[in-house]
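*Asks:* Next come a sequence and a model predicted from it.
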Protein chains: 2
Amino acid sequence: MTLPLGPDELLTTTRSVRKRLDLDRPVPLALVRESLEVAVQAPSGGNQQGWHWMVVTDPELRAGIGDYYRQSYLAYRDSPAYAGRAVPGREEVQARVASSADHLAEVMGRVPVHVIACITAAEELPASNQAGLWGSLLPAAWSFQVAARARGLGSAWTTLHLRYEREISALLGIPPQVRQGVLLPTAYYTGETFRPAKREPLDTVLHLDRW
Amino acid sequence: MTLPLGPDELLTTTRSVRKRLDLDRPVPLALVRESLEVAVQAPSGGNQQGWHWMVVTDPELRAGIGDYYRQSYLAYRDSPAYAGRAVPGREEVQARVASSADHLAEVMGRVPVHVIACITAAEELPASNQAGLWGSLLPAAWSFQVAARARGLGSAWTTLHLRYEREISALLGIPPQVRQGVLLPTAYYTGETFRPAKREPLDTVLHLDRW
């Protein structure tokens, strides 16, 4: 008898899957729907439920999104921000992430399902209101990833496509008053088991009462 | 024998708890730490792990945060945004949320634990980069809530305190290059069982291939 996944195991082993996405095995739409049913149970500010979920399986549309994503990724790789992200002592992990991100940029258009989490909001919302806005969408997007992982699906949290948000919105018919928050390429996981990733010790980022 | 919570049950029954927070029962710090250990396994952009977690239990500091929160809440209740949030057909749910939000604003300062999820980022980051920024923090904050709920703790996602972000940062010693993303008042849950909330049908917000 296989026991259901415990809460901690479930949450700690859901991680960005980039290299181990099965590009050839179709993903049943039912699994995506089930994961989204779970996702929309996440809370949203004032229970507004202002989210929209684009599920893209059409090969041409995915190829189009993939092209924009790769262009944006290559620009990012050449940018000062990319060079400046190096953290001393984390070179090895960062090199691994970079290699897996390279791979994802190459294959994005061929990942069987693209899920784009969107929310109704003005493009020019002030920066000071943005945390509240994204707090009404991104928890649900993370729930989608966790629910998908419980179904044997891997996915990755990507935002580089937002450099071409307008172009992708035009491609998919997303109206101008709707913002894209995250692109989640989703596929069957080809690894054996989902394992927790290494993290910095909690005490380096935990502050009790005062910073 | 009690089976562990299944993934879907866990994710669909973690919701904003405002009225059923036990204000009198102390929360062991170990449970908060365990939930944060789970939280930091969430992915972050480029695996930067740029988050910081303020855990506030000091009564005076909580009272101070609670005062700012209530002021901001009352201003919000008097604002056009509040009146404008009405959605036809959802009056009953919205009235319930409003009453429970009123309650939370009254008692915020007495909720035993305030967890504030923070991330290193410039205050003046352009709006176009904000989805990427918050995607590197908010999934972990939601994992915290889910892990806490698995331990019998309720919490609520609140951002109204951000109107006084600078004042609260000064109170807690949070440095100027660090942004607050969400305040999670956390306490033992006084309800009997966690139940899923009602949601709009998925098909009203799901778009296949094209909007």
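*Replies:* Alright, I've got the coordinates.
*Asks:* any idea how far A:G50 is from A:R199?
*Replies:* 32 Å (C-beta to C-beta, to the nearest Å). C-beta coordinates here come from the backbone N, C-alpha and C atoms, glycine included.
*Asks:* can you list the residues that contact the helix or strand containing A:V93?
*Replies:* Using DSSP states H and E, A:V93 sits in helix A:91-107. Contacting residues not belonging to helix A:91-107 are listed as A:16, A:18-19, A:21, A:23, A:66, A:69-70, A:73-74, A:85-87, A:156, A:158, A:185, A:198, B:46-47 [C-beta atoms under 8 Å, 6 or more residues apart in numbering or on different chains].
*Asks:* Could you list which of these belong to strands?
*Replies:* Taking DSSP state E as the definition of strands, the contacts of helix A:91-107 contribute A:P185.
*Asks:* Packing partners of the longest helix along chain A?
*Replies:* Ranked by residue count under DSSP state H, the longest helix found in chain A is helix A:59-77. Contacts defined by 3 or more C-beta pairs under 8 Å, 6 or more residues apart in numbering or on different chains; DSSP states H and E place helix A:59-77 against helix A:91-107, strand A:113-120, helix A:165-172.
*Asks:* Output the next helix or strand after that helix in CSV, but only the C-alpha positions, please.
*Replies:* Sequence-wise, the next helix or strand downstream of helix A:59-77 (DSSP H and E) is helix A:80-83. The C-alpha trace of helix A:80-83 is given here as CSV (Å, rounded to 0.1, in the frame of the first residue of the first chain):
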residue,chain,number,x,y,z
PRO,A,80,24.6,42.9,-16.7
ALA,A,81,21.8,41.5,-14.4
TYR,A,82,22.8,38.0,-15.4
ALA,A,83,26.5,38.5,-14.6
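*Asks:* what's the distance between helix A:80-83 and the middle of its chain?
*Replies:* Relative to the centre of its chain, helix A:80-83 is centred 21 Å away, using C-alpha atoms, centre = their mean, to the nearest Å.
*Asks:* how about it against chain B, any contact?
*Replies:* No: taking C-beta under 8 Å from any C-beta of the partner chain as the criterion, helix A:80-83 and chain B are apart, separated by no less than 8.7 Å.
*Asks:* State the mean pLDDT of that helix.
*Replies:* Mean per-residue pLDDT for helix A:80-83: 82.
*Asks:* now what about it, what contacts it?
*Replies:* Helix A:80-83 is contacted from outside by A:Y76, using C-beta under 8 Å, 6+ apart.
*Asks:* quick one: buried residues of that helix?
*Replies:* Within helix A:80-83, no residue counts as buried by 16 or more other C-beta atoms under 10 Å in any protein chain shown.
*Asks:* Just name the shakiest helix or strand of chain A by mean pLDDT.
*Replies:* helix A:80-83 (a mean of 82; mean pLDDT, DSSP states H and E).
*Asks:* where does the most centrally placed residue in chain A sit relative to A:F194, distance-wise?
*Replies:* Centroid-nearest residue in chain A, with C-alpha atoms, centre = their mean: A:W157, separated by 1.9 Å. Per C-beta to C-beta, A:W157 is found 15 Å from A:F194.
*Asks:* Give me the distance from the longest helix of chain A to the chain's centre.
*Replies:* Between the centre of helix A:59-77 and the centre of its chain there are 15 Å (C-alpha atoms, centre = their mean).
*Asks:* Stretch A:148-158 too?
*Replies:* On C-alpha atoms, centre = their mean, the centre of stretch A:148-158 falls 9 Å from that of its chain.
*Asks:* okay, how far is it across it, tip to tip?
*Replies:* End-to-end distance for stretch A:148-158: 16 Å, by C-alpha to C-alpha, to the nearest Å.
*Asks:* List the buried residues of it.
*Replies:* Under 16+ other C-beta under 10 Å, the buried positions of stretch A:148-158 are A:148-151, A:153-158.
*Asks:* Show me what it is in contact with.
*Replies:* A:5, A:10, A:13-14, A:16-18, A:20-21, A:27, A:31-32, A:34-35, A:69, A:104, A:108, A:115, A:141-142, A:144-145, A:182-191, A:194, B:7-8, B:43, B:45, B:135, B:139.
*Asks:* Would you list the buried entries among these?
*Replies:* Judged by 16+ other C-beta under 10 Å, buried ones among these: A:5, A:10, A:13-14, A:16-18, A:21, A:27, A:31-32, A:34-35, A:69, A:104, A:108, A:115, A:141-142, A:144-145, A:182-189, A:194, B:7-8, B:43, B:45, B:135, B:139.
*Asks:* returning to what we had before: of the buried residues of stretch A:148-158, just say which sits nearest to chain B.
*Replies:* A:A150 (3.7 Å; C-beta to the nearest C-beta).
*Asks:* Tell me the bridge partners for the nearest residue to A:A156 once chain neighbours are set aside.
*Replies:* Nearest non-adjacent residue to A:A156, counting by C-beta to C-beta, 6 or more residues apart in numbering or on different chains: A:S16, 4.4 Å away. With DSSP bridges applied, A:S16 shows beta-bridge pairing to A:S155.
*Asks:* A:S16 and B:P43 touch, don't they?
*Replies:* Yes: taking contacts as C-beta atoms under 8 Å, A:S16 lies within contact range of B:P43: 4.5 Å.
*Asks:* mind checking how far A:L61 is from B:I65?
*Replies:* 46 Å.
*Asks:* Those two - which one has more neighbours?
*Replies:* B:I65 (25 against 18; other C-beta atoms under 10 Å in any protein chain shown).
*Asks:* and the gap between the more buried one and B:E106?
*Replies:* According to C-beta to C-beta, B:I65 and B:E106 sit 14 Å apart.
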